[in-house]
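Asker: Any chance you could fold what I've pasted below:
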Amino acid sequence: MSDIDLQAGKINHEGEWLAVEDLKSKIQAKMDAGDMKFSDLATALEELNAAMENSHTIETKIVIPKADYEKLKELGGEDDDLGCVRKAVMAFLKSDDQETPASEQAAAPEEKKKQAIRCAKCKAMIEILAGEVPTEIKCPECGTTGRIKAQKSETRHQDHFLG
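Answerer: Numbers count the residues shown, from 1 in each chain. Take a look at the predicted model:
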């Protein structure tokens, strides 16, 4: 894979930054001269076209405090502001991808509500998932196990379990 500057729409081919039109002209010149060895130029043109088709331009203006600007430069390097922002955004996106993919974040189930009950023996508070009654639980403090008493009333939950 070659170096591509998406901002400028150019690819680095043999140490020279070329745009789509530059690559086309070089290929045409070789063909006109009867030189049919231009597969490297065609490959570079194909890579550049694919990169440009798979990119999206975001135009924005960001105003941040000087201290945050220094943090941004640390993330993105010491080059110009635009390059610094681009590198920082890319670093952020790559670190976020490693944590949790966006597809998984969207599909993540909502966190279930919890309720607290007291151990019948030591009176320690034990968190359980609401709506999963009766269930067998174990007190993390004293190790007593038991079942939660189901309440007939929906307005109040039992606040302890039988040991």
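Asker: May I see the domains of this structure written out as residue ranges?
Answerer: 4-53, 66-107, 114-162 (automatic domain parsing).
Asker: export these to TSV and tack on mean pLDDT and distance to residue 60?
Answerer: Every residue, glycine included, has its C-beta placed from N, CA and C. As requested, those are exported to TSV (pLDDT from 0 to 100; distance: least, Cβ to Cβ, whole Å):
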stretch	mean pLDDT	distance to residue 60
domain 4-53	94	14
domain 66-107	68	9
domain 114-162	71	40
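Asker: And residue 32, how far from residue 40?
Answerer: Distance, residue 32 to residue 40, by Cβ to Cβ, to the nearest Å: 18 Å.
Asker: I'd like the domains of the chain written out as TSV, with mean neighbour count added.
Answerer: Shown next, in TSV, are the domains of the chain (neighbours: other Cβ atoms under 10 Å):
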stretch	mean neighbour count
domain 4-53	14
domain 66-107	12
domain 114-162	13
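Asker: Please convert those domains to TSV, extending it with distance to residue 59.
Answerer: Output for the domains of the chain, formatted as TSV (distance: least, Cβ to Cβ, whole Å):
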stretch	distance to residue 59
domain 4-53	11
domain 66-107	11
domain 114-162	44
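Asker: can you give me the helices for this protein?
Answerer: In the chain, the segments counted as helices under DSSP state H are 20-32, 39-53, 66-76, 81-99, 102-107.
Asker: Make JSON lines from those and add distance to residue 11 to it.
Answerer: As requested, these are arranged in JSON lines below (distance: least, Cβ to Cβ, whole Å):
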{"stretch": "helix 20-32", "distance to residue 11": "8"}
{"stretch": "helix 39-53", "distance to residue 11": "4"}
{"stretch": "helix 66-76", "distance to residue 11": "22"}
{"stretch": "helix 81-99", "distance to residue 11": "17"}
{"stretch": "helix 102-107", "distance to residue 11": "28"}
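Asker: Of all these, which one is nearest residue 124?
Answerer: Of all the helices of the chain, it is helix 81-99 that lies closest to residue 124, at 33.8 Å by Cβ to Cβ.
Asker: ok and the closest one relative to helix 66-76, angle-wise?
Answerer: Relative orientation of helix 81-99 versus helix 66-76 (axes from the mean of the first three to the mean of the last three Cα atoms, to 10 degrees): 70 degrees.
Asker: and the closest residue to residue 23 other than its chain neighbours, how far is that from residue 65?
Answerer: With Cβ to Cβ, 6 or more residues apart in numbering as the criterion, residue 23 has its nearest non-adjacent residue at 4.2 Å, and that residue is residue 45. For residue 45, the distance to residue 65 (Cβ to Cβ) stands at 44 Å.
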